[in-house]
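Visitor: Prediction below, plus the sequence it came from.
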Amino acid sequence: MTLAETWRTIQADIGAFAHDAATWKQRRSRFRETVSAALAPQVTCVILFRVAHYFHQKGHVRAGGLIALCNQVFFRIHLHPSCAIGPGLVIPHPGAVLVQADAGHSLRLSAGATVFGERISPLLGRRMAPVPRFGDQCTLGARCRVIGAIRVGANCVIGFSTLVTDSLPDHATALPARFKHADSPPGAGTATFRADSSD
């Protein structure tokens, strides 16, 4: 990924946040809108991830890891710099987010979302394990957990406090089951899913 491509991706992230936030829907110049959005914590943490990813892809693994570590310290965002996430990444409420995954465009991460593969790789090193892969336009609800090297299709929604350990098809909505299995982690239901009504 080149520096120009990284900048275009950051612009898409800012645009996605600005479109999402009602306060930026007022009439104002494009420059003021971009600067105002970039200073918001929701966007600053995404920009830090993009910069960390750029250095990581260029072979500067330790530099990328240090930037990712700053993201974790200041915003409580654990996004491994090796993650390949498309443009339009939105984190509406930064905090307690741990994501080690690859994803298409327009990924939306809520507070407390936890996503990793077989194990969690340290920020200062290279990715050590296979990770989940998300399609385009996926939404992860607060306190959800996606664990394992699985595939989540495009336009999927994973609900609040849902545990997902199996692959999901496109246009699926994962919700907590009414009853939990005995071996499920406390505080999270096992995932059931239904096809989107629009499908």
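Guide: Done, it's in.
Visitor: Poorly predicted segments of the chain, please.
Guide: 21-38, 128, 177-199 (pLDDT under 70).
Visitor: Can you pull up the most central residue in the protein?
Guide: The centroid of the chain falls nearest to Leu109 when counting by C-alpha atoms, centre = their mean (4.7 Å).
Visitor: what helices or strands is the strand or helix carrying Tyr54 leaning on?
Guide: Using DSSP states H and E, Tyr54 sits within helix 41-57. Counting by 3 or more C-beta pairs under 8 Å, 6 or more residues apart in numbering; DSSP states H and E, the packing neighbours recorded for helix 41-57 are helix 3-20, helix 30-38, helix 61-75, strand 77-79. Placement of C-beta: from N, CA and C, glycine included.
Visitor: Buried residues in it, which are they?
Guide: 42-57 (16 or more other C-beta atoms under 10 Å).
Visitor: Now do the contacts for the residue nearest to the residue nearest to the centre of the chain when sequence neighbours are not counted.
Guide: Residue nearest to Leu109 in three dimensions, not counting chain neighbours: Ile91, with 4.9 Å by C-beta to C-beta, 6 or more residues apart in numbering. With contact set as C-beta atoms under 8 Å, 6 or more residues apart in numbering, Ile91 has these partners: Gln42, Cys45, Val46, Ile77, Val97, Arg108, Leu109, Ser110.
Visitor: can you count the residues close to the spatially closest residue to the last one that is not a sequence neighbour?
Guide: Right, the one you point to is Ser110. Leaving out its chain neighbours, the residue that sits closest to Ser110 by C-beta to C-beta, 6+ apart is Ala142, at 4.2 Å. Look at Ala142: counted by other C-beta atoms under 10 Å, it has 18 neighbours.
Visitor: Pretty sure Ala142 sits in a strand.
Guide: No: using DSSP: H, G, I helix; E, B strand; the rest coil, the secondary structure at Ala142 is coil, not a strand.
Visitor: hang on, it packs against Thr114?
Guide: No: checked against C-beta atoms under 8 Å, the pair Ala142 and Thr114 is beyond contact range at 10.6 Å.
Visitor: Show me the beta-bridge partners of Phe116.
Guide: Note on Phe116: beta-bridge partners Ile147, judged by DSSP bridges.
Visitor: any idea how far Ile150 is from the residue nearest to Ala149 when sequence neighbours are not counted?
Guide: In this structure, Ala149 finds its nearest non-sequential neighbour in Pro130, 3.6 Å apart by C-beta to C-beta, 6+ apart. Look at Pro130 and Ile150: by C-beta to C-beta, to the nearest Å, they are 9 Å apart.
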